[in-house]
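Q: Below are the sequence and a predicted model for it; my questions follow.
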Amino acid sequence: MKKITKALGITLLAGSILVACNSEEDTETPNNGDNGTSDEQLEDDDNGVDEGTGDEGEDDSDENTESDEGDTGGGLGSDQEFGDQLDLGIGDTAQISSNQGAYEITIHSVKHEEEIEGNSSMFDSFIVVDLTVKNIGEATIDAYDPVNILDQTYSLDSSGSNDFSTDFESIDSISGELQPGEEVTGQAVFHIDTSEEQFIRVQPGLIAADGVYNDAVWTFTEDEME
């Protein structure tokens, strides 16, 4: 009987030891299922965020800077400065600066015409103007641009007539491109109202819009026309 009691006691003691061991192992083992992330993974994630944020941010900044620099590139606009030239006459040259470049315009002569190619003027008559355009800027320009900035009027307080040279085959209208230093001679045509005094000028609207940076006015009379 004593042997049986002793055996039962040993068995119970062994069972208690096993239960205690299992309990300690459960306490020391981390519950990865709850956290889902180990310390090593957290360190890796932190490093990944730092590297991605730092490098990519710098690249974006560089790209934006390069884009901004490209947008501010210079165009054709002239940086030459000329004063207003308001007392010019036939035979005189104006120097003009504009957003298309810098050029000289010389008016050599003005001829009065009642008709051109059988066509009457929308006003009283025509004038045919012989002129030379010279590119004094640093960029190639359209040779017609300097002619196209001009208009003709009998009063500086009134609106004017633009050039119509391209409407007539018999008129030597100016066209093509002008390299820096090159010049070309041709003709412009304006419809005019009869008046003792006439003006050819830079269109006021272009000056107001900052398309042309300085003014020029040629004054002539009926007696000076051919």
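A: Yep, it's here. Bear in mind that the values here come from a model prediction, so they are computed numbers and not experimental data.

Q: now the strands for the protein?
A: In the chain, strands defined by DSSP state E lie at 85-88, 93-98, 101-113, 115-116, 119-120, 125-135, 141-142, 150-153, 177-178, 183-192, 197-202, 216-221, listed in chain order.

Q: got TSV for those strands, with mean neighbour count, mean pLDDT and distance to Ala208 too?
A: Every C-beta, even on glycine, is put in place using the N, C-alpha and C of the backbone. Formatted as TSV, the strands of the chain follow (neighbours: other CB atoms under 10 Å; pLDDT from 0 to 100; distance: least, CB to CB, whole Å):
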stretch	mean neighbour count	mean pLDDT	distance to Ala208
strand 85-88	15	98	16
strand 93-98	21	98	13
strand 101-113	19	98	20
strand 115-116	14	98	31
strand 119-120	12	97	32
strand 125-135	21	98	23
strand 141-142	20	98	22
strand 150-153	22	98	14
strand 177-178	18	98	26
strand 183-192	20	98	21
strand 197-202	21	98	11
strand 216-221	20	98	15
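
Q: got JSON lines for those, with distance to Gly77 too?
A: Listed next are those as JSON lines, based on distance: least, CB to CB, whole Å:
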{"stretch": "strand 85-88", "distance to Gly77": "20"}
{"stretch": "strand 93-98", "distance to Gly77": "7"}
{"stretch": "strand 101-113", "distance to Gly77": "8"}
{"stretch": "strand 115-116", "distance to Gly77": "35"}
{"stretch": "strand 119-120", "distance to Gly77": "37"}
{"stretch": "strand 125-135", "distance to Gly77": "14"}
{"stretch": "strand 141-142", "distance to Gly77": "11"}
{"stretch": "strand 150-153", "distance to Gly77": "19"}
{"stretch": "strand 177-178", "distance to Gly77": "16"}
{"stretch": "strand 183-192", "distance to Gly77": "21"}
{"stretch": "strand 197-202", "distance to Gly77": "16"}
{"stretch": "strand 216-221", "distance to Gly77": "18"}
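
Q: Looking at those strands, spot the one closest to Glu169.
A: strand 115-116 (10.0 Å; CB to CB).

Q: What strands flank the closest one, and is each parallel or antiparallel?
A: When pairing is defined by DSSP bridges, strand 115-116 lines up against strand 119-120 (antiparallel).

Q: which residues are in contact with the strand it pairs with?
A: Under the criterion CB atoms under 8 Å, 6 or more residues apart in numbering, residues Glu114, Phe168 lie in contact with strand 119-120.

Q: who touches Glu115 in this structure?
A: Glu115 neighbours (CB under 8 Å, 6+ apart): Ser121, Phe126.

Q: quick one: the closest residue in space to Ile90 that isn't next to it in sequence and His112, what's the gap?
A: Spatially, and ignoring its direct neighbours in sequence, Ile90 is nearest to Phe220 (5.2 Å; CB to CB, 6 or more residues apart in numbering). Phe220 is 11 Å from His112, where distance means CB to CB, to the nearest Å.

Q: How about Trp218?
A: As judged by CB to CB, Trp218 and His112 stand 15 Å apart.
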